[in-house]
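Student: how would this look folded up:
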Amino acid sequence: MRRTQSLNRHCSQISHIFLAVLLGVAASLCVASDDAQSILEKSDLIRFPKEDFQVTVAVTSSGTTDEARKYRILSKGNDNTIVEITEPASERGQKLLMKGRDLWVFLPNVSQPVRLGLSQRLTGQVANGDLARANFTGDYTPTILRTEKIEGETYNVLELTAVDRGVTYAKVRYWVQQGNNWPHKAEFYSLSEKLIKTCYYQKFETLGGKVRPTRLVMEDALKKGEKSILDYEAMKLKELPERIFTKEYLKKLD
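Tutor: Here you go, the predicted structure:
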C-alpha cells in the first residue's frame, strides 16, 4: 500500500513537472512570436510612414534593355496604393491601382483596366508588389531564425512566411538591425523555395520626417549582374481621400 501511494505521488510530481515544462515552452514561443511581430512592425515604420504619403521613385536597371523609369506613388495604409509612371514619356499616364491584394493597370488608350498579379515583374528586378504593397506586416507571419553579426553590428534574422498565395513572395528572409530596427537586407523566395533576388537597403537619410533607407538595390539571384536600383525622394505626408483609390476616379487623376 505504501509503495503504491509513493508511486502515485511520484507520478503526480512528474506530471506537474511535465506540465510546467510544456507551459514554459508555450510561453517562450509566444514571447518569441510577439518579438518577431514587434520587430517586423517597427522595421516597416522605418521604411514607410503609417500616415498617408506621396513619394517619387526612380528605377534604373542594369543587365537588361530597360531604360530608366520614374514613378509617383500615392499610399494610404498598406491596402490602397496608386503607382503612376511619369517617365519615360512614351508610358506616361499608365497607372496601377491596388485595393487590398487586387491590382489593376490602367492604360491611356484602353477603356477597361487589366488585372495583374503582385508578383508579376514591373521593370528590371522590380515586381508590382515591390512598389504597390511594400510593407511586410499583415502579409507575412514572422519568426526569428537567429541573430547574426555583420561588420560589428548585430542583426535579427526573420523568416517571413506568406499568409496566402495572394502576396508578392512565398517567403522572405529579412535582416533587421537590433536596437534601431533598421532593415539591412531581404532575400525573396519562390513557392519552390528557390532564391529569386536579394534586396539591400542603403543610403539612410531623412525622408518624410524620419531617417529611412532611400535606396534599394535588388540583385537577381539567377542572372548574375542583373540588378535594379530604386531611389526614393520627395516624400510628402498628405491626407489622401478614399475616393481616389477607385477605378472610377483613377482616370481623372492628374
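
Student: so what's F53 up against?
Tutor: When contacts are counted by CB atoms under 8 Å, 6 or more residues apart in numbering, F53 touches L74, S75, G208, M235, K236, L237, K238. (Each C-beta comes from the backbone N, C-alpha and C, glycine too.)

Student: at 10 Å instead, please
Tutor: When contacts are counted by CB atoms under 10 Å, 6 or more residues apart in numbering, F53 touches 73-76, 207-209, 235-240.

Student: any chance of those in a markdown table, with distance to P49, neighbour count and pLDDT too?
Tutor: Listed next are those as a markdown table, based on distance: CB to CB, whole Å; neighbours: other CB atoms under 10 Å; pLDDT from 0 to 100:
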| residue | distance to P49 | neighbour count | pLDDT |
| --- | --- | --- | --- |
| I73 | 12 | 20 | 97 |
| L74 | 13 | 20 | 96 |
| S75 | 9 | 26 | 96 |
| K76 | 11 | 17 | 94 |
| L207 | 9 | 20 | 97 |
| G208 | 5 | 17 | 94 |
| G209 | 8 | 12 | 94 |
| M235 | 8 | 22 | 97 |
| K236 | 10 | 11 | 96 |
| L237 | 6 | 14 | 96 |
| K238 | 11 | 10 | 94 |
| E239 | 12 | 8 | 95 |
| L240 | 12 | 18 | 95 |
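
Student: Turn the residues you listed into TSV, including distance to V163.
Tutor: Below are the contacts of F53 laid out as TSV (distance: CB to CB, whole Å):
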residue	distance to V163
I73	23
L74	25
S75	20
K76	21
L207	28
G208	27
G209	30
M235	28
K236	31
L237	28
K238	30
E239	29
L240	26
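
Student: now, which of these sits nearest K227?
Tutor: Of all these, the one with the least separation from K227 (CB to CB) is I73, at 20.7 Å.

Student: Show me the beta-bridge partners of that closest one.
Tutor: Following DSSP bridges, I73 is listed with bridge partners V55, V83.

Student: ok, it to L195 distance?
Tutor: Counting by CB to CB, to the nearest Å, the gap from I73 to L195 is 27 Å.

Student: Contacts only, for K185.
Tutor: 150, 155, 157, 173-176, 198-202, 216-217, 219.

Student: where does the protein have low pLDDT?
Tutor: 1-34, 64-66, 253-254 (pLDDT under 70).

Student: so what's the backbone phi/psi at E91?
Tutor: E91 adopts backbone torsions of phi -120, psi 10, taken as degrees, to the nearest 10.

Student: Spit out the contact partners of it.
Tutor: E67, R69, I85, L107, P108, T123.

Student: Next secondary structure after the strand ranked longest in the chain?
Tutor: As assigned by DSSP state E, the longest strand anywhere in the chain is strand 195-207. Once the chain leaves strand 195-207, the next helix or strand it forms, by DSSP states H and E, is strand 210-220.

Student: Would you give the sheet partners of that next one, along with the direction of each?
Tutor: Sheet partners assigned to strand 210-220 using DSSP bridges are listed as strand 195-207 (antiparallel), strand 227-237 (antiparallel).
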